[in-house]
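Novice: got a structure for you, letters missing:
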């Protein structure tokens, strides 16, 4: 189908930590959260006239003892569930998922689902979104090598709270579409990738 552009923005900042955004969420009150692949969080509001307000930047908290090295903080995907007050972040290099407070200021735990362990270190989990029934959809950037490996997972529960519950492995047909960069569940339940 066709997409109609309703608004477009260009973000410019003199802050050297601004940029390389990997994930974006926005709430109904136009509160934007951007996450970079260097584990930097930027939050702001955006008025309909383009005015930016309530800007805040901070480092994404990491598990205790984790060094702030690129390969250990390569955050690529983000989904927030306002109902539970949690956010989940996908880390690409070591294929793990971290759970955080919804505003990304507090680390709550992490998991590395066995089904993701064969995903390439530089290709997933690139995108993540909540499905209307509360499950999480996680997509690799590109399919892992070998036809027996799947490039998408549906996690039936919070993967940090219930890591033993196996996900459903599935495929996303990328034919003619290129690599995955992000995903969002639309209000009508469809998923935009």
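Specialist: Nice, thanks for sending it over. For clarity, every value in this text was computed on a predicted model and none was experimentally measured. Residues are numbered from 1 along each chain as shown.
Novice: Tell me which residue of this protein is positioned farthest from its centroid.
Specialist: residue 49 (27.5 Å; CA atoms, centre = their mean).
Novice: Return the distance of it relative to residue 132.
Specialist: 32 Å (CB to CB, to the nearest Å). Yep, even glycine has a C-beta here, placed from its N, CA and C like the rest.
Novice: what do you get for residue 111?
Specialist: From residue 111 to residue 132 the distance is 23 Å (CB to CB).
Novice: next one: phi and psi at residue 87?
Specialist: phi -130, psi 150 (degrees, to the nearest 10).
Novice: That one contacts residue 78, doesn't it?
Specialist: Yes - contact criterion CB atoms under 8 Å: residue 87 and residue 78 qualify, at 6.4 Å.
Novice: quick check, distance from the worst-scoring helix or strand of the chain on mean pLDDT to the centre of its chain.
Specialist: In the chain, the helix or strand scored least confidently by mean pLDDT, DSSP states H and E is strand 168-170, which has a mean of 85. Centroid displacement of strand 168-170 relative to its chain, using CA atoms, centre = their mean, to the nearest Å, is 18 Å.
Novice: Tell me what residue 136 is bridged to.
Specialist: residue 130, residue 155 (DSSP bridges).
Novice: Return the per-residue confidence for it.
Specialist: pLDDT, residue 136: 92.
Novice: Then residue 81?
Specialist: 87.
Novice: Excluding chain neighbours, give the residue nearest to it in space.
Specialist: residue 130 (5.6 Å; CB to CB, 6 or more residues apart in numbering).
Novice: From residue 185, how far off is the one you found?
Specialist: 6 Å.
Novice: Would you map the strands across this protein?
Specialist: 21-26, 31-36, 40-46, 52-59, 75-81, 86-91, 96-101, 107-111, 127-130, 136-139, 152-155, 168-170, 184-185, 191-192 (DSSP state E).
Novice: and the last one, what does it pack onto?
Specialist: Taking 3 or more CB pairs under 8 Å, 6 or more residues apart in numbering; DSSP states H and E as the contact definition, the neighbouring helices and strands of strand 191-192 are strand 184-185.
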